[in-house]
Structure formats: C-alpha cells, structure tokens
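Asker: missing the sequence, but the structure's below:
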C-alpha cells in the first residue's frame with residue numbers, strides 16, 4: 001500500500017508537469033485507476049498480469065480512449081507522454097513491491113531484497129554526488145544534468161560496487177560472482193534513471209518535479225534512480241534464482 005501511494009504521488013507530480021489537453025481528462029482517470037490495479041496484481045501474486053497490464057493493456061487502452069474523443073491534434077505527443085509516465089512511475093516502481101512476494105531463498109526474504117535495492121540505489125546517488133563535489137571536473141552530460149561528472153560517476157560506481165559485493169551475500173541469494181555483475185549495473189542504472197528524469201525536467205523547464213519534500217524537490221526527484229534499478233534488479237534476481 002505504501003509503494004502504491006508512492007507511485008500515485010510520483011504519477012501525480014509527473015502529470016502535473018507535462019502539458020495535457022482538455023480532451024485527455026477522461027484518459028487521466030483511467031491512468032490513475034491503473035495504479036491500484038497494478039498493485040492488486042502484486043498483492044494476489046499474479047505475475048502474468050503484473051508484467052503485461054501496463055506495457056500491453058494500458059498501451060492499448062490509452063490511445064483507444066483518446067480516439068473515442070475524436071481530437072487528433074497533439075494525439076501522438078499526448079499518448080506517448082502519458083504512457084511513458086505510467087511506465088516510469090507505476091510499472092517500474094511496482095517491481096519493488098513484487099520483491100516482497102518472492103519466496104525466501106538462501107535466508108533472504110522479500111523485505112531484505114527491498115532493503116538491499118533501496119540502500120544500494122540511494123547510497124549510489126549519495127556517493128556519486130559526494131565524489132562529484134570533491135573531485136568533479138569533467139561533465140558527463142552538461143546539457144542534461146550539469147552537475148554530473150565523470151569523476152562522480154566512476155567514484156560512485158566504484159563505491160557502490162564494493163557495497164553490493166559485501167552486502168549481496170547477506171541480504172540476497174546472489175552468489176559472489178553474481179554480485180560482481182549486480183555491482184556494475186545497479187549504480188549505472190541508477191545514474192541513467194536520474195539523468196532520464198533530469199532530461200524530462202529540462203524539456204519542461206523546471207528544476208524540481210515538485211515541492212512535496214522541502215529542500216529535496218518532489219517524490220519523482222527521490223525515486224528517479226529506482227525507476228531503472230528496480231525492474232533490472234528484480235528480473236536479474238528472478239531469472240537467476242526464482
């Protein structure tokens with residue numbers, strides 16, 4: 001329920017940022033209703049519906065509802081931005097909730113998997129910021145996120161790599177060799193999730209996604225890295241061990 005609320009708040013922030021047409025109001029109702037439905041599939045452990053509901057069914061339903069209204073101006077932009085937001089704020093984050101449904105294996109239960117994912121992702125963000133502030137000189141993507149530097153990225157990845165390598169055997173069923181792989185792609189995925197949301201904000205012309213967290217921007221600003229790390233970690237783990 002908490003993660004469903006988190007998705008709802010992130011989606012609400014996203015939809016408040018993007019330009020929407022008057023004709024899309026009915027569509028947005030369907031989009032909001034998709035949040036409890038997506039988490040319902042998690043609650044009842046219906047993996048088949050969980051994995052296709054938003055990528056397939058909502059992908060079809062959103063343009064169908066828009067077509068029924070009959071307005072074609074801005075159709076492509078509206079359909080793309082609305083579905084992208086649903087995928088980013090609801091589908092990806094719901095993978096965190098599904099970690100709680102995975103059976104215990106090797107002494108690791110769902111709660112420890114969530115703890116591992118959130119800890120590694122958020123620590124990676126802090127490490128990249130810290131290394132960038134201390135040694136950052138060369139910008140990675142100056143037009144997307146001017147504060148991101150190669151020094152911060154590489155230093156943060158190296159620090160996160162060590163954290164994953166030492167924590168994974170205690171909080172997950174991953175082996176040492178599998179931890180090496182996770183230690184590489186998790187901090188990189190977090191970085192890519194961060195800059196992807198930054199690109200959206202640059203395109204719209206805002207600094208933060210919202211003001212719901214004083215001094216830290218909005219909900220979407222805080223979960224941007226998780227939008228990439230959550231699904232990748234979930235499917236990596238599920239493919240290898242479940």
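Answerer: Nice, thanks for sending it over. Keep in mind the model is a prediction, meaning the values are calculated, not measured.

Asker: mind listing what the strand ranked longest in the chain pairs with, with the direction of each?
Answerer: Selection of the longest strand in the chain by residue count, based on DSSP state E, yields strand 145-149. Paired strands of strand 145-149, with direction, are strand 139-141 (antiparallel) (DSSP bridges).

Asker: do you know how far the residue lying closest to residue 104 once chain neighbours are set aside is from residue 237?
Answerer: Nearest in space to residue 104, with sequence neighbours left out and distances taken as C-beta to C-beta, 6 or more residues apart in numbering, is residue 110 at 7.8 Å. To be clear about C-beta, it is placed using only N, CA and C from the backbone, and glycine gets the same treatment. As defined by C-beta to C-beta, to the nearest Å, residue 110 lies at a distance of 11 Å from residue 237.

Asker: So which of these two has more stuff around it?
Answerer: residue 237 (22 against 16; other C-beta atoms under 10 Å).

Asker: coming back round to it: contacts only, for the residue nearest to residue 104.
Answerer: Counting by C-beta atoms under 8 Å, 6 or more residues apart in numbering, residue 110 makes contact with 99, 100, 101, 102, 104.

Asker: on that earlier part again, give the buried residues for the longest strand of the chain.
Answerer: Burial within strand 145-149, assessed by neighbour count using 16 or more other C-beta atoms under 10 Å, is assigned to 145, 148, 149.

Asker: ditto for stretch 232-241
Answerer: Neighbour counts using 16+ other C-beta under 10 Å place 232, 233, 234, 236, 237, 241 of stretch 232-241 among the buried residues.

Asker: Looking at those residues, which gets the smallest pLDDT?
Answerer: Within these, residue 241 has the lowest pLDDT, namely 91.

Asker: what's the neighbour count on residue 166?
Answerer: As a burial measure, the neighbour count of residue 166 was computed by other C-beta under 10 Å and equals 11.

Asker: could you point out which element follows the lengthiest helix in the chain?
Answerer: The helix of greatest length in the chain, counted in residues with DSSP state H as the criterion, is given as helix 176-204. Reading on from helix 176-204 to the C-terminus, the next helix or strand found by DSSP states H and E is helix 219-223.

Asker: And that next one, what does it pack against?
Answerer: Secondary-structure packing of helix 219-223 (3 or more C-beta pairs under 8 Å, 6 or more residues apart in numbering; DSSP states H and E): helix 2-17.

Asker: Show me which residues of the helix it packs on are buried.
Answerer: Along helix 2-17, these residues count as buried under the neighbour rule (16+ other C-beta under 10 Å): 3-4, 6-15, 17.

Asker: ok, back up a step: so which of the buried residues of strand 145-149 is the closest to residue 78?
Answerer: Here the nearest of those to residue 78, counting by C-beta to C-beta, is residue 145; it sits at 26.4 Å.

Asker: what's the burial count for the residue nearest to that closest one when sequence neighbours are not counted?
Answerer: Once flanking residues are discounted, residue 145 sits nearest to residue 198: 4.3 Å by C-beta to C-beta, 6+ apart. In terms of burial, residue 198 registers 20 neighbours under the definition other C-beta under 10 Å.

Asker: quick one: low-confidence parts of the protein?
Answerer: Segments of the chain classed as low confidence (criterion: pLDDT under 70) are 207-217.

Asker: per-domain residue ranges of this structure.
Answerer: Domain ranges of the chain: 1-101, 104-242, per automatic domain parsing.

Asker: Any idea how far apart the tips of the first one sit?
Answerer: Looking back up the chat, that one is domain 1-101. Across its full length, domain 1-101 reaches 14 Å end to end, with C-alpha to C-alpha, to the nearest Å as the criterion.

Asker: Can you give the distance of that domain from its chain's centre?
Answerer: Here the centre of mass of C-alpha atoms in domain 1-101, compared against the chain's by C-alpha atoms, centre = their mean, to the nearest Å, lies 13 Å away.
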